[in-house]
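K.L.:
pasting the sequence and the predicted model now:
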Amino acid sequence: MSLFRTERGRVIRLEDSPPHNNQPLRTKIVATIGSETSYADGIQDLDGRGVSAPTYDYIVTQFYENGADVIRLNLSHIKLDKIEGIFAAIKAAVRACERENNNRKRVALLADLPGPKIRFALDNYIFHVGDDFTVHFETERPAGKASTVYVDAAPLKMSLEKHGRHGRKLPQRGIQNVPPEVVENVLAKEFTEASSQPAPFKSMMNQINRRIVAGERVLAIVGDGDVFMEVNPHEFDAAGSELKCRIVSVKGGGGAKGNEIKLNGNKGFSLKNVDINVPSFTDDDRSKLDKLLELEYSNLTSDEEPIIAFVALSFAQTANDVLNAKEYIERTLQGYGMDAATARLKSPSIIAKIETNKGWENIDFILDVADGVMVARGDLGLQMDIEEVPAIQKKLIQLCNKRGKPVITATEMLKSMTKSIEPTRAEGTDVFNAIVDGSDAVMMSEETSAGQFPFHSIRKMISIAVQAERYFELKGIKDTDLRQTSNLLRFQEFLKDDFPRIKENNRRFSNVGTALANGISIILTERPGEELLDKLKWREGLYREKWNKSMRQPTTNLITQAACTMSEGEDIKCIIAASTSGRTVRMLSRLRPSMIIIGAAHDVINTRKLAASYGVLPICIGEASKGKGTDDIFTQCLAKRDEDDYLRDLLEKGDTVIFTAGTRLGVPGTTNLLQMRRIDEDD
């Protein structure tokens, strides 16, 4: 018998191991959607069905029915003038699936922004191992044995020097006595005068020089590891603007000895272990995001629902990158009629893609303001030594778990399934370990966006996830008491170092507050710019909100630990967590309780945001009724249960559930109520 089945879009377990009987899959599945023309070889399935020209309606429907929770739209491969048609088709298909199933399961759309395009053009150039090649950063050079690296449309040196030169800035004394990492992450070069730190391009060349002086190899990489070139240490000039290189290896090479490769068009460029500090949130990102938000919100009616729950920010290197994107989205939504508080609550969550050494170094600052993280192992493996990536992946997952922020592990998870009906043994183990380590979601790229077996790939990912969850939940242990004791110890172990962590977070928030207060004070006395004052006040408000939540974290820990501990009782069916922003639900999810968490959000977009959190079954209960209390919230949850066949089967009359809510209805971050309630008996 299969370990699971899909029922109207939701994966249901079949194994008979109380008290976990008939529980939904905990791990969330992110599937990348390709264009209608990207499936050049057609789509096949194991039941003999094949589609040579799939439509968005067909692809989305199959994603939905086979168990995908989040659909990723990779905007790197979509031109601006094509977004409207593609988004409209995807949204129509998503809403059609949901309406057909009475909104029983809502999926989320993740809009993955392109980020800075660091690349150079090649005209059918043949890279041959042993040949010389010159990389230019400033002057335009014809293709051949030399090429110029561009960031978007400008040579790299020009782009880096332009970064941070616009607008009036705070005087240098405005950042005195503030740690430099705080300045970099919160004020950045957009806000401050030139400091003792070198300009970005000079910093990059200095990094290369230090590695050469230390006797280390400096590797330049073309494409996705298609070509590796070593910088010639004897011809390097730190004051110059070029790199003299020698080609040391090619991927899948041709030629008589397999030592050459022909490349054409724009290819990516990176330097291993060298930071290229380009802005993460680009003009192209803004243009594409503008179009998506316009399509989503400009003509939103009562029958429509927004579907963009997540925006992924590529190459996030500092908190400043995330803050720029977050502020831009909030102010855009205010332009569509939302007040500031509503815009913050209902803005898509920012998922920071960690794919550079700089992003990893600044991870604490990034996690302060990002809503989640994607472990983007593809570029991370090019930017850093490959042997470092597994440990960083595990640490990133752990850090996100501690913060209660969803973490998506991505890149080449089941890549061989692009053309095969089975993944490799290493891929299966990779997915299994990523889930056991604490990933909320696992993501497929080429497997579902350009592969021959996209829907079978989703099912295979789910089957691996089922086994990983069985292992993590100690399903092999028949002794219920032992399993429950192990879970209780796990909750305690997870939270034992949380007080030192919270203390460190509060210290960092204090430094951030000082930096912002100093900047605002100088503007008010010297008035270097009203626009700058507005931006700094926006950041101050956001950080104050984050600091307040951090100060209340010990209370949140007590409530969520108690809820998970109580859920281990013999007769508990699930945890029902009512939440305005979804934070309490995510704080429960991070503890990985044995019981499913029903995340009851008050609005559609925050319901969709819960689609990426482990072990959460999201439902939308509508706005909290004014003048009524938490009893009314619980009644709204039961009303949703009555509309859902699966929930009716899961929660029968007389069943006991754990219920959490906040007595300040509609106010994010105020959960303070924990109850045991019986279905249909405590109304």
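P.N.:
Alright, I've got the coordinates. Numbering: from 1, shown residues only.
K.L.:
what is the burial count for residue 351?
P.N.:
Neighbouring residues of residue 351 were enumerated by other CB atoms under 10 Å; the total is 31. Placement of C-beta: from N, CA and C, glycine included.
K.L.:
my bad, should have said residue 426
P.N.:
9.
K.L.:
kindly state the pLDDT recorded for it?
P.N.:
Looking at residue 426, its pLDDT is 97.
K.L.:
now do residue 528
P.N.:
If you check residue 528, the pLDDT there is 60.
K.L.:
then the one 4 residues further on?
P.N.:
What the model reports as pLDDT for residue 532 is 83.
K.L.:
thought residue 187 was touching it, still the case?
P.N.:
No: applying CB atoms under 8 Å as the test, residue 532 and residue 187 come out as separate, 10.4 Å apart.
K.L.:
pull up the overlap in contacts between those two.
P.N.:
Shared contacts of residue 532 and residue 187, defined by CB atoms under 8 Å, 6 or more residues apart in numbering, comprise residue 170.
K.L.:
strands along the stretch 451-600 of the chain, start to end?
P.N.:
Assigned by DSSP state E, counting those that start in this stretch, the stretch 451-600 of the chain shows strands spanning 572-579, 597-601.
K.L.:
I'd like the ones you listed written out as a markdown table, with distance to residue 93, mean neighbour count and mean pLDDT added.
P.N.:
What follows is the strands of the stretch 451-600 of the chain, written out as a markdown table (distance: least, CB to CB, whole Å; neighbours: other CB atoms under 10 Å; pLDDT from 0 to 100):
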| stretch | distance to residue 93 | mean neighbour count | mean pLDDT |
| --- | --- | --- | --- |
| strand 572-579 | 28 | 24 | 94 |
| strand 597-601 | 23 | 27 | 95 |
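K.L.:
and of the ones you listed, who's closest to residue 306?
P.N.:
Set against residue 306 and scored by CB to CB, the strands of the stretch 451-600 of the chain come closest in strand 597-601, at 13.1 Å.
K.L.:
give me the contacts around that closest one.
P.N.:
574-580, 582, 585, 588-589, 607, 609-610, 613, 615-621, 633, 636-637, 640, 647.
K.L.:
thinking again about what came up before, looking at residue 532 and residue 187, which one has more neighbours?
P.N.:
Of the pair residue 532 and residue 187, residue 187 is the one with more neighbours under other CB under 10 Å, namely 23 against 20.
K.L.:
surely residue 614 meets residue 437?
P.N.:
No: if you go by CB under 8 Å, residue 614 and residue 437 don't touch, sitting 11.5 Å apart.
K.L.:
and these two? Which one has more around it.
P.N.:
The neighbour count for residue 614 versus residue 437, taken as other CB under 10 Å, is higher for residue 614 (22 against 19).
K.L.:
show me the contacts for that one.
P.N.:
Residue 614 makes contact with 26, 27, 28, 406, 438, 439, 440, 441, 589, 592 under the criterion CB under 8 Å, 6+ apart.
K.L.:
okay, it: pLDDT?
P.N.:
Looking at residue 614, the pLDDT reads 97.
K.L.:
burial measure for the closest residue to it other than its chain neighbours, as a count.
P.N.:
Nearest residue to residue 614 in three dimensions, chain neighbours excluded: residue 440, at 4.3 Å (CB to CB, 6 or more residues apart in numbering). Burial measure for residue 440: 28 neighbouring residues, criterion other CB under 10 Å.
K.L.:
wait, residue 440 sits on residue 403?
P.N.:
No: in this structure residue 440 lies outside contact range of residue 403 using CB under 8 Å: 11.7 Å.
K.L.:
what sits up against the host helix or strand of residue 158?
P.N.:
Here residue 158, judged by DSSP states H and E, is contained in helix 156-162. Around helix 156-162, the neighbours that count as contacts under CB under 8 Å, 6+ apart are 118, 137-138, 148-152, 154, 199-201, 204, 241, 276-278.
K.L.:
fine by me, we can end here.
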